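Peer 1: Structure, please.
(one chain, ligands or ions: 1)
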Amino acid sequence: MREEILSLKNQAIAQISAAKSAEDLEELRIAYLGRSGKLTELFKRIKSVPSEEKKLVGVLINEAKNALTSLLSERKNSLKESARDWFDPTIPGIKPPRGHLHLVTHAIDEIANTFAQIGFVRVRYPEVEWDWFAFGGLNMPKDHPARDEWETFFVEGLNHPKFGEMVLTPQTSSGQLREMQRVKTPPIRMINIAKCYRRQIDVSHFPMFHQFEGLVIDEGISIAHLKGTLDYFARNFFGKERKTRLRPFHFQFTEPSFEVDITCGICEGKGCKVCKGGWLELGGAGMVHPVVLKNGGIDPSKYTGFAFGWGVERTYMMKSGLSIPDIRLLYSSGLQFLRQF
Ligand code: FA5
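Peer 2: Residues are numbered from 1 along each chain as shown. Got it, this is the predicted structure:
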């Protein structure tokens, strides 16, 4: 029986050493050490062994059992180890998806930087504002028909005893009065870039859009300064050859008032089907109305100023080479569109 035990032990050691998986090891454990395993069967046969050999056979079987048990656990651990440690550093990693700034954020940064170079300070004012800053103080008293131009959202249930109802800012011009009240004594040279809200939606209008509002107030400011500033912006933002022109218009808060056109970037001012005549409209501008200066706490007999307010999205859409045909695309959240920029 001694040979039988030793040969069974060697056979088991060989099989356990060659096992390739935890499942194989479990099968071998059952085959040798399980309730009807081969080694367990040998234990059962001890009682038929002659008494002088019984002790030795018992020791040998126990030794074999202990050896196989510890070999099984050793192999189990080393199989686990090698599965964990195996690492191929040459496999390319999985890249996490990377986002980028939105086109309009790029536009805002570029516009703010262009004006910063000639001393305009970027400011931010409330995007939910009292009526007086958005209309009343800008020379558009309650029920004035000029208000209809700004298809305004009102916030229900909020009323200021002096400044009236609350609105979602329909134009960044509300920042003019806020800036005059903040600075108190000119010079003022602000660029206010903010969200605006109006009840409009089509290819060139969106209910939430951005405007940038320039305001310069000092002694002796004239239309020549306004024209020079707009030409500077057009050259730097759109390219060397671009020029602006002022077209007479009417705003209640500027006098005289203008609409500003820029030479078309597609036909270079010769006239094409996009611009129909060589010029494209960008926004409004004018000399700050004396009533507005007074409302902002600035003496109109001493100071004059100019202001302009343009749409960020429209201005960026007219940048050469972008050709975005519909403003709604910018806010559609369509990744196929956004990933291009
Ligand atoms: C104004 O809002 C005046 N506050 C501009 C101004 C400022 C005049 C200072 C004089 C002095 P207007 O309503 O035209 O003007 O809007 C100016 C520009 O904002 C438009 O030319 C357009 O570029 C942009 N805009 C207006 N409404 C929308 C809209 N719904 N969606 C996208 N852009 C718009």
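Peer 1: and the residue of the stretch 151-300 of the chain nearest the ligand?
Peer 2: Closest approach between the stretch 151-300 of the chain and the ligand, counting by Cβ to the nearest ligand atom: Gly284, at 2.8 Å. Placement of C-beta: from N, CA and C, glycine included.
Peer 1: Need phi/psi at that residue.
Peer 2: phi -100, psi 160 (degrees, to the nearest 10).
Peer 1: what bridges to it?
Peer 2: Legend: beta-bridge partners of Gly284 under DSSP bridges are Glu259, Gly309.
Peer 1: Just list the residues touching it, thanks.
Peer 2: 249, 251, 254, 257-260, 308-310 (Cβ atoms under 8 Å, 6 or more residues apart in numbering).
Peer 1: go again using 10 Å as the cut-off
Peer 2: With contact set as Cβ atoms under 10 Å, 6 or more residues apart in numbering, Gly284 has these partners: 171, 173, 211, 213, 249-251, 253-254, 257-260, 307-310.
Peer 1: Show me the subset of these that also lies near the ligand.
Peer 2: 171, 173, 211, 213, 251, 254, 257, 307-310 (Cβ under 6 Å from any ligand atom).
Peer 1: Low-confidence bits of the stretch 1-150 of the chain, can you list those?
Peer 2: Low-confidence segments of the stretch 1-150 of the chain, defined by pLDDT under 70: 83-85.
Peer 1: Can you tell me which residues in it are near the ligand?
Peer 2: Glu149.
Peer 1: how close does the residue lying closest to Glu219 once chain neighbours are set aside sit to Gln15?
Peer 2: Leaving out its chain neighbours, the residue that sits closest to Glu219 by Cβ to Cβ, 6 or more residues apart in numbering is Tyr303, at 6.0 Å. Going from Tyr303 to Gln15 by Cβ to Cβ, to the nearest Å gives 100 Å.
Peer 1: what does Glu4 give?
Peer 2: Here Glu4 is placed at a distance of 17 Å from Gln15 (Cβ to Cβ).
Peer 1: Tyr303 and Gln15: which has the busier surroundings?
Peer 2: A count of neighbours by other Cβ atoms under 10 Å puts Tyr303 above the other of Tyr303 and Gln15, at 20 against 16.
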